[in-house]
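>>> can't give you the sequence, but here's the structure:
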């Protein structure tokens with residue numbers, strides 16, 4: 001069976017981190033030096049205390065520009081406290097949104113969308129130790145698979161391993177990640193499974209399903225058997 005790309009396949013493993021007591025200006029310097037937009041914050045116990053991003057750091061600039069007490073009243077006490085912070089632990093967003101390294105690319109994408117963020121802290125599956133960081137651009141690496149490799153995976157993982165069929169029985173073409181399936185299969189359910197599994201292959205952008213089938217086994221009422229007067233005898237080959 002296929003082995004879909006996991007977060008561990010595309011994440012950055014060499015992660016720059018800071019401690020909770022790292023000074024504000026040092027955090028800014030690290031982001032600029034390494035051309036990154038956020039760093040995980042490690043607490044005193046070695047766990048992940050939160051994340052400091054450029055957005056978190058810019059709150060200080062926004063806070064300092066708001067001289068009007070009337071405007072500052074709209075800020076929550078937590079927002080004012082974070083904006084006035086001088087160390088990573090003061091300004092970080094916490095708790096950090098994490099994902100285990102064994103999660104799939106779609107799972108990571110759904111988590112980012114749900115939380116409205118552009119990166120996830122990646123942890124090991126067992127003890128939540130920092131394993132890396134994954135960004136939206138990392139998730140797009142799945143679509144860099146060349147067409148010929150996508151074709152090979154569909155033939156192997158869908159047609160042969162999942163459908164147990166002759167790899168030549170189903171016509172498959174791949175152009176810029178768009179897969180076209182053609183040919184005839186026995187049952188409609190087989191055609192539907194083939195299209196679904198093909199969509200799950202890493203690198204597939206879209207599936208054009210042109211498969212046809214000989215028997216619709218998904219109908220609410222199965223096709224009736226032939227009436228007795230026209231049913232063929234299994235032994236004689238004649239009419240019953």
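Happy to help now that I have it. Quick caveat, the model's predicted, so the values are computed rather than measured. Numbers count the residues shown, from 1 in each chain.

>>> What segments of the protein are helices?
Counting by DSSP state H, the chain has helices at residues 7-10, 24-34, 54-65, 69-72, 77-83, 88-91, 105-115, 136-139, 147-153, 188-199.

>>> could the ones you listed be laid out in JSON lines, adding distance to residue 41?
All C-beta atoms are positioned from the backbone trio N, CA, C, and that covers glycine. Listed next are the helices of the chain as JSON lines, based on distance: least, C-beta to C-beta, whole Å:
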{"stretch": "helix 7-10", "distance to residue 41": "20"}
{"stretch": "helix 24-34", "distance to residue 41": "9"}
{"stretch": "helix 54-65", "distance to residue 41": "10"}
{"stretch": "helix 69-72", "distance to residue 41": "26"}
{"stretch": "helix 77-83", "distance to residue 41": "13"}
{"stretch": "helix 88-91", "distance to residue 41": "5"}
{"stretch": "helix 105-115", "distance to residue 41": "17"}
{"stretch": "helix 136-139", "distance to residue 41": "20"}
{"stretch": "helix 147-153", "distance to residue 41": "39"}
{"stretch": "helix 188-199", "distance to residue 41": "38"}
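
>>> Dump those to TSV, plus mean neighbour count.
Putting those into TSV (neighbours: other C-beta atoms under 10 Å) gives the following:
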stretch	mean neighbour count
helix 7-10	20
helix 24-34	14
helix 54-65	14
helix 69-72	9
helix 77-83	14
helix 88-91	22
helix 105-115	15
helix 136-139	16
helix 147-153	15
helix 188-199	18
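
>>> now for these, which one comes closest to residue 48?
Smallest distance to residue 48 across the helices of the chain (C-beta to C-beta): 12.2 Å, for helix 88-91.

>>> who wins for proximity to residue 45 among the helices of the chain?
When these are compared by C-beta to C-beta, helix 88-91 sits nearest residue 45, at 12.9 Å.

>>> Distance from the chain centre to the closest one, please.
Here the centre of helix 88-91 is set off from its chain's centre by 29 Å, with C-alpha atoms, centre = their mean, to the nearest Å.

>>> what does stretch 43-52 give?
Counting by C-alpha atoms, centre = their mean, stretch 43-52 is centred 25 Å from the centre of its parent chain.

>>> Quick check: mean pLDDT of that stretch?
Here stretch 43-52 scores 90 as its mean pLDDT.

>>> Residue ranges in the chain under the pLDDT threshold?
Along the chain, the parts satisfying pLDDT under 70 run over 1-3, 62-83, 165-167, 220-240.

>>> Got the domain ranges for it?
7-142, 145-215 (automatic domain parsing).

>>> Run the chain-centre distance for the last one.
Translated: domain 145-215. Relative to the mean C-alpha coordinate of its chain, domain 145-215 is positioned 21 Å out (C-alpha atoms, centre = their mean).

>>> Likewise for the first one?
Between the mean C-alpha point of domain 7-142 and the mean C-alpha point of its chain there is a distance of 19 Å (C-alpha atoms, centre = their mean).
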